[in-house]
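1. Sharing a sequence plus its predicted fold:
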Amino acid sequence: MLQRSATGDRDAFAAMYTLTSGKVFGVVLRIMRDQAEAEEVLQDVYVSVWQQARTYDRTKANAMTWLVSIARNRAIDSLRRRKARPLTQSACADDNTTEDYADAVAGTLGPAETLNQRQEAATLGRCLTMLAPHERTSVLLAFYDGLSHREIAERMRRPVGTVKSWIKRSLASLKCSVEAAAEQGASCRRELRESEDAASRV
């Protein structure tokens, strides 16, 4: 879709925006700490993406990494223009990271979708606490701060290969934990429905 956008395909650009803007907005909001300002920066980000799409080189970075890089640079530039100090603390230092992300995208969703988003964020937050500290840090830096493996390695002062292993292992663990939590929730809902059906027959 990014490559098609470079040819002036507005439908492809709109589809890409729908698929990626939630995560990109989360990255911007983590830096800006102000929703209104983050929304303005997000608009600037996608104007830049539309204008610079032809410069994207898939051999150097995947599309999401490229988008996040533009978003981070735009957000930090915005803070610098106000002579403010950009947020450099890792997302993992904030225990409410997943809740903040849910808040960030809630405004673009309907009531049912918003509730589901918050429930998923709460589940993910609980599962993240089950990871070892260094694994949790690497995952959050990658998916909430949008850093590349090399940037994470530099931040954590570890080899790139080690960071990749941490993230791969952490994602596998999170997948199992989230699936188990989802199954447990589904089981509880079935039991509740069965109890309600039994009560209605009495």
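-> Great, that's in hand.

2. count of neighbours near the nearest residue to residue 151 once chain neighbours are set aside?
-> Counting by Cβ to Cβ, 6 or more residues apart in numbering, residue 151 lies nearest to residue 141, which is 7.7 Å off, once chain neighbours are set aside. Where you see a C-beta, it was placed from the backbone N, CA and C, and this is true even at glycine. Residues contacting residue 141 under the criterion other Cβ atoms under 10 Å number 23.

3. Tell me where the model's unsure across this structure.
-> In the predicted model of the chain, residues 82-122, 144-146, 181-202 satisfy pLDDT under 70.

4. per the record, what domains does it have?
-> Domains of the chain are assigned by automatic domain parsing as 2-81, 93-201.

5. Just say which of these is most tucked in.
-> Highest mean neighbour count among the domains of the chain (mean count of other Cβ atoms under 10 Å): domain 2-81, with a mean of 17.

6. how long is it end to end?
-> By Cα to Cα, to the nearest Å, the extent of domain 2-81 from end to end equals 29 Å.

7. what does stretch 126-139 give?
-> End to end - Cα to Cα - stretch 126-139 spans 14 Å.

8. What segments of this protein are helices?
-> Here the chain has its helices, by DSSP state H, at 2-5, 10-32, 35-52, 63-81, 97-106, 111-128, 133-143, 149-156, 160-201.

9. The fourth one - contacts with which helices or strands?
-> What that stands for is helix 63-81. Judged by 3 or more Cβ pairs under 8 Å, 6 or more residues apart in numbering; DSSP states H and E, the packing partners of helix 63-81 are helix 2-5, helix 10-32, helix 35-52.

10. Nearest to residue 125 among those would be which one?
-> Proximity to residue 125 (Cβ to Cβ) singles out helix 10-32 among those, at 14.1 Å.

11. gap between the two ends of stretch 58-67?
-> 12 Å.

12. contact partners of that stretch?
-> With contacts defined as Cβ atoms under 8 Å, 6 or more residues apart in numbering, stretch 58-67 is touched by 1-3, 20, 23-24, 45, 49, 56, 69, 146, 148.
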